[in-house]
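[1] build me a model:
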Amino acid sequence: MSKQTHSFQAEVAQLLHLVTHALYSNKEIFLRELVSNASDACDKLRFEALNNTALYEDQPQLEVRVSFDQAARTLTIADNGIGMSQQEAIEHLGTIAKSGTKDFMRKLSGDQQSDAQLIGQFGVGFYSGYIVADRITVESRRAGLPANEGVRWASGGTGDFEVEQITRAQRGTSVTLHLRDDADEYLNAWKIKQIIGKYSDHISLPILMEKEEWKDGELLVPGDENGGRQPGGMVKTGEWETVNQASALWTRPKKDVTQEQYQEFYRAISHDSENPLTWAHNRVEGNAEYTQLLFIPAKAPFDLWNRDKKAGVKLYVKRVFIMDDAEALLPSYLRFVKGVIDSADLPLNVSRELLQESRDVKLIREGSTKRVLSMLEDLARHDQHLPAAADAAAADADGVTDVVSEDDKAKEGKYSQFYAEFGAVLKEGLGEDFANRERLAKLLRFASTTSDGATVSFADYRARMKPGQDAIYYITADTLAAAKNSPQLEVFKKKGIEVLLMTDRVDEWALNYLTEFDGTPLQSVAKGAVDLGDLQDEAEKKAAEEAAEAFKPLLAKLKDALKDKADDVRVTTRLVDSPACLVVKDDAMSNQLARLLKQAGQAAPEIKPVLEVNAEHPLVRKLDGSVHFHDLAHILFDQALLAEGGLPEDPAAYVKRVNALLV
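    Got it, this is the predicted structure:
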């Protein structure tokens, strides 16, 4: 069959231009990506062969081979995995069906353009070969197809690629890189082995290279050793040797795996350029038998909030790869967790549908969830691990200068780092995971009127509660500034009562499922009449009652003027400096949640808030007898709405009223 020339998809052409012109740091990343692709191809064959053992043909042993030819200046990565048909080669190597590709190219052409680590994060690893090669040739045959239906794909990484049908006896794929002039180091066996050891040692398949041995050069004078020799060199023996551990990292005893190996394994499976915050490696035995190796990343991925993206850990059954994103093994609020779970109990032909129904999967899910929460609790315990003054003094007396272990030191500050990235996702668990709700509540952190950073836990708050205080007070808002400056906080600030400031969009939803913490109720300062109980003295209560009685006629007029906007108008004790604020009844949806629902395009009930007025404020006092009573009443309401982050129903009318009073 004659050659066919195809044009690259536009995005691939852009990508190749960036790869060949912008990536110049850490070039060796290409070998990690190509070996990883070869390993994935073998995993896919193993999975498909569960139902069709004939796919193994005459090669049941799966492997990856890496070879080089110094004379031809080529480096080849070959596997005997699933392989590709001609159509698959055109589709897989000529287009990118990946939603994140544009984001990848935007990042690559920005400040991080020299960071070759990015290439693995977006599923475009094959193209990293062009970092070191000016031409790539791929030969492949899909398992199960006849030998004469192989395919050769070749491209110089410019605008097009060539495809032709070939005869290929062996199934699988070989990727041959025609190296650039500045890539000589990748024609060296020691260098290649060093890269494989660094990036691919954890791969469970054997990675083979041809053995080399030293051979002396020929004698300059035949038969005369004293006459000297030609320069010697390394010569290939024709034997192949395994150059990686060739055993899955999670199957090894923990004592045999170094920290660096765990970190490299994480980077390989997550395509993250940073090390994980922490990890847990355990073998679980009991009702379900499985091994778990779970990692918590340091940074949130770019698509953390993409609902269409599949998330989950890699699932193996008896070391056989089953699927990449097994969502059923962890709840969705832990979708940031990366890792591997290898079950000894699940059937090899398990599908996503069966995973949802399996009793063993339920046990694995529960165990893995508890393990992740334990990791987070451990980080939280060490977040601000500072020895007490007494401990420090005792340590000095004993001549000990450091009473904190190195392991504990390494964990300090990591929970704050985690929470800044994933705290909002963790809150989803309050509504999704009833069994672990109390554990999750202890892990939550918030800003407060005493701390701008999200460092205050519910336990911290309870420990600082004033005598007589019987609730944990909080407020929700779009921003920290809006929460801190809300009029609804004024009486709490005056009395020195701490209020938690909640600014994540998920907070309003999550708090529907958390009404108390350790027996102490949670109370929104924007709901119901303010009742500070024992924190409010009798004189204040009496003054409030007298003001409410004296203002009854005015309140009636305000209620009539605002009957289309406000459910009620009443005098409040929660305001100190502001003239008015809006609250809702205890059992009503908050204004903040209603706004969020509308912004998300969802239906929200029409809520008439309660207008609370400060009887001591000059503007409120000016209302009585004013010829502008109607306009002032509406301005008072709209300003209260603005102060809590809302917008007047008719902004033009609001501006018109204010302007009329200004002139």
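
[2] where does the stretch 251-400 of the chain have low pLDDT?
    307-308, 349, 384-400 (pLDDT under 70).

[3] oh, that last question was meant for the stretch 551-663 of the chain, not what I typed.
    588-589, 591, 595-605.

[4] quick one: mean pLDDT over stretch 465-472.
    Across stretch 465-472, pLDDT averages out at 88.

[5] which positions in it come out as buried?
    469, 471-472 (16 or more other Cβ atoms under 10 Å). For the C-beta atoms, the positions are set from N, CA and C on the backbone; glycine is no exception.

[6] those residues in strands, which ones?
    Ile472 (DSSP state E).

[7] make CSV out of the buried residues of stretch 465-472 and add distance to Val284.
    Shown next, in CSV, are these (distance: Cβ to Cβ, whole Å):
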residue, distance to Val284
Gln469, 43
Ala471, 41
Ile472, 36
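
[8] how many residues are close by Lys191?
    15 (other Cβ atoms under 10 Å).

[9] hang on, isn't it packed against Glu185?
    Yes. With contact defined as Cβ atoms under 8 Å, Lys191 reaches Glu185; the gap is 5.2 Å.

[10] circling back: just the buried residues of stretch 465-472 now: which is nearest Phe336?
    Proximity of the buried residues of stretch 465-472 to Phe336 (Cβ to Cβ) peaks at Ile472, which lies at 27.4 Å.

[11] once you drop chain neighbours, what's closest to that closest one?
    Leu522 (5.0 Å; Cβ to Cβ, 6 or more residues apart in numbering).

[12] tell me the strands beside whichever strand or helix holds that neighbour, with direction?
    Assigned by DSSP states H and E, Leu522 belongs to strand 520-524. With DSSP bridges as the test, strand 520-524 is paired with strand 472-476 (parallel), strand 516-517 (antiparallel).

[13] out of those, which one sits most buried?
    strand 472-476 (a mean of 23; mean count of other Cβ atoms under 10 Å).

[14] which residues sit in contact with the residue nearest to Ile472?
    471-472, 474, 511, 514-516 (Cβ atoms under 8 Å, 6 or more residues apart in numbering).

[15] could you rerun that using 10 Å?
    When contacts are counted by Cβ atoms under 10 Å, 6 or more residues apart in numbering, Leu522 touches 441, 458, 461, 471-474, 500, 511, 514-516.

[16] re the thing from before, spit out the residues that contact Lys191 and Glu185 alike.
    Contacts common to Lys191 and Glu185, judged by Cβ under 10 Å, 6+ apart, are Glu28.

[17] touching, Leu611 and Val584? I think so.
    No. Counting by Cβ atoms under 10 Å, Leu611 does not reach Val584; the two are 11.1 Å apart.

[18] mutual contacts of those two, please.
    By Cβ under 10 Å, 6+ apart, the residues touching both Leu611 and Val584 are Asp567.

[19] who's more crowded, these two?
    Counted by other Cβ under 10 Å, Leu611 and Val584 do not tie: Leu611 has more neighbours, with 25 against 21.

[20] can you give me the helices in the stretch 151-300 of the chain?
    For the stretch 151-300 of the chain, the helices defined by DSSP state H, counting those that start in this stretch occupy 189-199, 259-270.
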